[in-house]
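S.K.: My questions are about this predicted structure, shown below with the sequence.
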Amino acid sequence: MSLNVQLARLFSEIALLLELQEANPFKIRAYSRASQALEALDEDVGRRVEEGTLQEIPGIGRDLAGKIKEYLETGVLVEYLELKEAVPQILVEMTRIPGLGPRNALKLYHELGVESLKHIEAACRSGEVAKLKGFGPKSQQNIVEGIAFVQHASERIPLGLALPYAEAFIEILSAMDEVDQISPAGSLRRMKETVGDVDIVVGSASPEAVMDAFTGHQLVDRVLAKGKTKSSIRTLDDLQVDLRVVEPKVFGAALMHFTGSKEHNVRLREMARRKGLKINEYGIFDVSSIKEKADQAGEESPRAGKRLSAATEEECFKVLELPWIAPELREDSGEIEAALEGRLPDLIEDSDIRGELHVHTDASDGKMTLEELIEAALMKGWAYIGITDHSESLKIANGLDLDRMQWQIERIREADERYKDIRVLTGTEVDILRDGSLDYPDELLKELDIVIASVHTHFRLSREDQTKRICDAMANPYVNIVGHLTGRMIGERAAYELDVEKVIETAARTGTALEINAHPVRLDLNDRHSRIANSAGVPLVICTDAHSIGQLELMRYGVKVARRAWLEAGDVLNTLESEVLLKALHGKRPKKGK
DNA sequence: GCCGTTTTCGGCCCGACTGTTTTCAGTCG
């Protein structure tokens, strides 16, 4: 775990502990914001300490800068240790129960003296909880269900699972006459790699009809809340979907509001406030003149002023004197500053991708034949496709030995001759062996158009050994790309121990490209590492690693990661013409004839 | 605890829904 992430988690943990001590709410927020700022920081916080520029990070002041240094120097934070000592662990556990926050957790703790979730559940079942002031039978029931939920709570849902769900609901609702506009929102629209729930925003003059259709749908297992503007449901496989319905004329403001991120919205509202404006989900309002009059008359300020805009997001940003900011960037990780200074990136789009460099045919563990693959690539309008089956030692994936590899090269070259409208490139996904050497000899690798080197074995090496292993592989002049660098599989397997920053430095030095693996379970590199790699000058490729025709459609998930990493088309090699691409990939090879 | 085109002190983003109330606190996003 990087230092930035460690500190971010510490600060957010401190925020929760402070909340459970009923500390000053603004102090709590300061810690939360600092945590978020560190999470979003795209350079090593250690470097900031060396440069003495810690306090230039928004949200980090003198005090927290001191705490960061303390942690760097001593490896611990005294304040955190003291808080952890002072706050009973059960309180922290209780706040994980949906619907039960810090205030009520404290109340249960003090009134009932609970010591475990089991204890709370028993108190609910015996009816004790309902007798407490502020609680009733309903909240008692919700706590029982909440405990059951956290006990088998699935992690956040991978985007690749949530997006199809959102699309299913949107397809159904958008067919209704009552629905004028509809869009996904929240982390799903920002295309985060995992989402906690699915948010959908609808513009409609008949909210009741829309809510009825939504909550009554067959995908719905349980209705969690149902109102005129907001309803929440849970699907059979525990995915929560929130639907917000607003008047069509304020759709833009609502979409902006519910797309978030929270931190991005807070920044925008603060900006608006300084301009005498107020932002909420119904629009942007001029409150300055009205507030003045109210102040003169000694009245309390009215709730809303003159509405300046609300119909579209573009309009809303314009009132704030900002260009429209792509949802993928809305994380308060520099996008507002970039927008103010007119240097927002021109983000890569699906249509920029001209070809695919990493696929498996039935020669190794793919499901499709070479011809089926080429036909599918042609249908997608791609200009080239690199065939990269597994190498010899990966027996489980039917890796090709040297003889079969020679045969494979010949048939790819033959296919390239035969298909005039697409370049079919020879290649391999060669295994990086335990010692950092490669599974094929250089004499073979140098014959290939594309060499992707990947780790498929020995995940449990030490951080040093694993890092050295991959860096050694990149030193090979014929390795063009490193595939799925960290090996993580979302919700299935953590990344192996690896110094990613060091690998990125080595990639930059050796001129090796890194892959953004587009499979929604991998998305590896992730957005953060992709952004760092790009800043370091490392070339990137986006590949599906498809093992079947259908998986070629997963390219869009890789493009989403790239967009979240602020990448432009020019930062991604497989947006190039084939000749230019090969030249870029082979830049590190020794010159021929020497 | 942070921060400054109102401010180095006094503010700090905004609203819906639920479940409990009898006007509102707590939670969530």
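M.R.: Ah, there it is.
S.K.: And the helices in the stretch 1-150 of chain A, which stretches?
M.R.: Using DSSP state H, counting those that start in this stretch, the helices of the stretch 1-150 of chain A run over A:3-20, A:25-40, A:45-51, A:62-74, A:78-86, A:89-94, A:102-112, A:117-125, A:128-131, A:137-151.
S.K.: Tally up the residues packed near A:Ser364, please.
M.R.: The number of residues packed near A:Ser364 is 21, by other CB atoms under 10 Å. Heads up, the C-betas are built off the backbone N, CA and C, glycines and all.
S.K.: backbone phi and psi for it, please?
M.R.: Dihedral pair for A:Ser364: phi -110, psi -110, per degrees, to the nearest 10.
S.K.: ok, it - contacts?
M.R.: Contact analysis of A:Ser364 by CB atoms under 8 Å, 6 or more residues apart in numbering lists A:Asp389, A:His390, A:Leu394, A:Ala397, A:Asn398, A:Gly399, A:Leu400.
S.K.: In this structure the first one contacts A:Val430, no?
M.R.: This means A:Asp389. No - counting by CB atoms under 8 Å, A:Asp389 sits too far from A:Val430 to count as a contact (9.9 Å).
S.K.: and A:Tyr557, what is it in contact with?
M.R.: A:Tyr557 touches A:Leu159, A:Gly160, A:Ala518, A:His519, A:Pro520, A:Leu523, counting by CB under 8 Å, 6+ apart.
S.K.: Now name the helix or strand holding it.
M.R.: According to DSSP states H and E, A:Tyr557 maps onto helix A:555-564.
S.K.: I'd like the average pLDDT over that helix.
M.R.: Computed over helix A:555-564, the mean pLDDT rounds to 96.
S.K.: what about the residue of the stretch 151-300 of chain A found nearest DNA strand B, neighbour count?
M.R.: Per CB to the nearest atom of the strand, A:Gly227 is where the stretch 151-300 of chain A lies closest to DNA strand B, at 2.4 Å. Here the count is done by other CB under 10 Å, and A:Gly227 has 11 residues near it.
S.K.: can you give me the strands for the stretch 151-300 of chain A?
M.R.: A:157-158, A:179-185, A:194-195, A:197-204, A:220-226, A:230-235, A:240-246, A:277-280, A:283-286 (DSSP state E, counting those that start in this stretch).
S.K.: what's the answer for the stretch 451-594 of chain A, then?
M.R.: Using DSSP E, counting those that start in this stretch, strands in the stretch 451-594 of chain A cover A:481-482, A:513-517, A:540-543.
S.K.: export the ones you listed to CSV and tack on mean pLDDT and distance to A:Val559?
M.R.: As requested, these are exported to CSV (pLDDT from 0 to 100; distance: least, CB to CB, whole Å):
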stretch, mean pLDDT, distance to A:Val559
strand A:481-482, 96, 17
strand A:513-517, 97, 9
strand A:540-543, 97, 6
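S.K.: who's in contact with the spatially most central residue of chain A?
M.R.: Nearest to the centroid of the C-alpha atoms of chain A, with distances taken as CA atoms, centre = their mean, sits A:Lys192, at 2.8 Å. Shown in contact with A:Lys192 (CB under 8 Å, 6+ apart): A:Leu159, A:Arg564.
S.K.: Relative to A:Glu22, how far out is it?
M.R.: With distances taken as CB to CB, to the nearest Å, A:Lys192 is found 32 Å from A:Glu22.
S.K.: One more: A:His390?
M.R.: Where A:Glu22 is concerned, A:His390 sits at a distance of 58 Å (CB to CB).
S.K.: So which of these two has more stuff around it?
M.R.: Shown here are A:His390 and A:Glu22; by other CB under 10 Å, A:His390 has more neighbours (24 against 11).
S.K.: related to what we said a few turns ago, which non-adjacent residue is nearest the residue of the stretch 151-300 of chain A closest to DNA strand B?
M.R.: Leaving aside its chain neighbours, A:Gly227 sits nearest to A:Met211 (7.7 Å; criterion: CB to CB, 6 or more residues apart in numbering).
S.K.: Next up, the contacts around the one you found.
M.R.: When contacts are counted by CB under 8 Å, 6+ apart, A:Met211 touches A:Lys226, A:Gly227, A:Lys228, A:Ser231, A:Leu243, A:Val245.
S.K.: The fourth one contacts A:Asp212, correct?
M.R.: Translated: A:Ser231. No - the pair A:Ser231 and A:Asp212 does not pass the contact test of CB under 8 Å, sitting 9.5 Å apart.
S.K.: So which residues of the stretch 351-500 of chain A form helices?
M.R.: A:370-379, A:402-418, A:442-445, A:463-475, A:500-510.
S.K.: Export the strands of the stretch 151-300 of chain A as JSON lines, with columns for mean neighbour count, mean pLDDT and distance to A:Ala376.
M.R.: Shown next, in JSON lines, are these (neighbours: other CB atoms under 10 Å; pLDDT from 0 to 100; distance: least, CB to CB, whole Å):
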{"stretch": "strand A:157-158", "mean neighbour count": "22", "mean pLDDT": "84", "distance to A:Ala376": "24"}
{"stretch": "strand A:179-185", "mean neighbour count": "20", "mean pLDDT": "95", "distance to A:Ala376": "27"}
{"stretch": "strand A:194-195", "mean neighbour count": "21", "mean pLDDT": "90", "distance to A:Ala376": "28"}
{"stretch": "strand A:197-204", "mean neighbour count": "23", "mean pLDDT": "94", "distance to A:Ala376": "30"}
{"stretch": "strand A:220-226", "mean neighbour count": "14", "mean pLDDT": "85", "distance to A:Ala376": "36"}
{"stretch": "strand A:230-235", "mean neighbour count": "19", "mean pLDDT": "88", "distance to A:Ala376": "31"}
{"stretch": "strand A:240-246", "mean neighbour count": "23", "mean pLDDT": "93", "distance to A:Ala376": "32"}
{"stretch": "strand A:277-280", "mean neighbour count": "20", "mean pLDDT": "88", "distance to A:Ala376": "46"}
{"stretch": "strand A:283-286", "mean neighbour count": "24", "mean pLDDT": "89", "distance to A:Ala376": "46"}
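S.K.: re the thing from before, which of the contacts of A:Tyr557 are close to DNA strand B?
M.R.: When CB under 7 Å from any atom of the strand is applied, no member of these is adjacent to DNA strand B.
S.K.: residues from the stretch 101-250 of chain A in reach of DNA strand B?
M.R.: Residues of the stretch 101-250 of chain A lying close to DNA strand B by CB under 7 Å from any atom of the strand are A:101-105, A:130, A:133-140, A:142, A:186, A:196-197, A:199, A:225-230, A:240, A:242.
S.K.: excluding its backbone neighbours, what's nearest A:Leu585?
M.R.: Leaving aside its sequence neighbours, A:Leu585 sits nearest to A:Asn480 (CB to CB, 6+ apart; 4.3 Å).
S.K.: How many residues are close by the one you found?
M.R.: Residues contacting A:Asn480 under the criterion other CB under 10 Å number 31.
S.K.: Equivalent analysis for A:Asp545, please.
M.R.: The number of residues near A:Asp545, taken as other CB under 10 Å, comes to 24.
S.K.: A:Gly483 is in contact with that one, correct?
M.R.: Yes - contact criterion CB under 8 Å: A:Asp545 and A:Gly483 qualify, at 7.1 Å.
S.K.: Give the residues shared as contacts by those two.
M.R.: Contact criterion CB under 8 Å, 6+ apart; residues shared by A:Asp545 and A:Gly483: A:His358, A:Asn517.
S.K.: so after the least confident helix or strand in chain A by mean pLDDT, what's the next helix or strand?
M.R.: Least confident helix or strand, chain A: helix A:288-296 with a mean of 53, by mean pLDDT, DSSP states H and E. Moving toward the C-terminus from helix A:288-296, the next helix or strand (DSSP H and E) is strand A:306-309.
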